[in-house]
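Asks: sharing a model prediction with you, sequence too.
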Amino acid sequence: MNWTTWWWFAATEAVLCLTPGPAVLFILSSALKSGTRKSLASNAGILAANMVYFALSATGLGALLAASFDLFSTVRWIGAAYLIFLGLRTLLGKRNALAAGGSIERPPLRMFGDGFLLQASNPKSILFFTALLPQFIDPRLAIVPQVAILAATSAVIEFFVLLGYGAAAGQASELARQPQYAAWTNRVAGVLLIGAGAGLATLRRT
């Protein structure tokens, strides 16, 4: 892989990551509820789903997934419904959780799984790995090493972008733990989750 291709991919990936979408909204909600450090589990789940898509792209299975409209729609709606459910549960749940002191205790594995499901259900991710990614692959060279390089690049860029968003929301969560702001924290976190779910539901393949 030549440096020009790599730089174009890195720039494209950075722009896409910086653009607020379901993943960003989910990280903001996780950090707001549980703090920056614990939101890293959600970050890892999103990156893990990306790595699965990179692997599928390397084997050609990603194109088959994108070509199946029914499967594509099913995956999208499952992810959207789950995020909206999480948002409603946050909105209607105990409003004094943050006011009690500290962050909301959520198992890291659960946060990882939620992040993985979000990204695995994102149709834009499917399109990225089946339509955009091949533009940076030279078919005359070995495919697997190129995909591995792009996967590592993507993981590093997206990790730090999501970490930045999480850190900003985590700082806000310090203020949000004060009793007078705790109820509003749950509302904002819930709305962010519902927004992420609605974003998935309205995304299309084109």
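Replies: Perfect, thanks for sending it.
Asks: check which residues of the top helix by length along the chain are buried.
Replies: Longest helix in the chain, counting residues (DSSP state H): helix 143-176. Neighbour-count burial for helix 143-176 flags 146-147, 150-151, 153-155, 157-159, 161-163, 165-167, 169-170, 173, 176 (criterion: 16 or more other C-beta atoms under 10 Å). (Each C-beta comes from the backbone N, C-alpha and C, glycine too.)
Asks: now for that helix, which elements pack on it?
Replies: helix 3-18, helix 22-34, helix 36-59, helix 179-202 (3 or more C-beta pairs under 8 Å, 6 or more residues apart in numbering; DSSP states H and E).
Asks: wait, which of these is closest to residue 92?
Replies: helix 179-202 (8.0 Å; C-beta to C-beta).
Asks: list the buried ones in stretch 81-90?
Replies: 82, 83, 84, 86, 87, 90.
Asks: between the residues you listed, which is nearest residue 125?
Replies: Looking across the buried residues of stretch 81-90 and measuring by C-beta to C-beta, the closest to residue 125 is residue 83, at 14.3 Å.
Asks: surely that closest one meets residue 190?
Replies: No - between residue 83 and residue 190 there is no contact under C-beta atoms under 8 Å: 10.6 Å.
Asks: any residues in contact with both of the two?
Replies: Residues touching both residue 83 and residue 190 (C-beta atoms under 8 Å, 6 or more residues apart in numbering): there are none.
Asks: pLDDT-wise, which helix or strand of the protein ranks last?
Replies: helix 61-67 (a mean of 57; mean pLDDT, DSSP states H and E).
Asks: tell me the buried residues in stretch 129-141?
Replies: 129, 130, 133, 136, 137.
Asks: now render the residues you listed as a markdown table, adding distance to residue 40.
Replies: As requested, these are arranged in a markdown table below (distance: C-beta to C-beta, whole Å):
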| residue | distance to residue 40 |
| --- | --- |
| 129 | 23 |
| 130 | 28 |
| 133 | 25 |
| 136 | 28 |
| 137 | 30 |
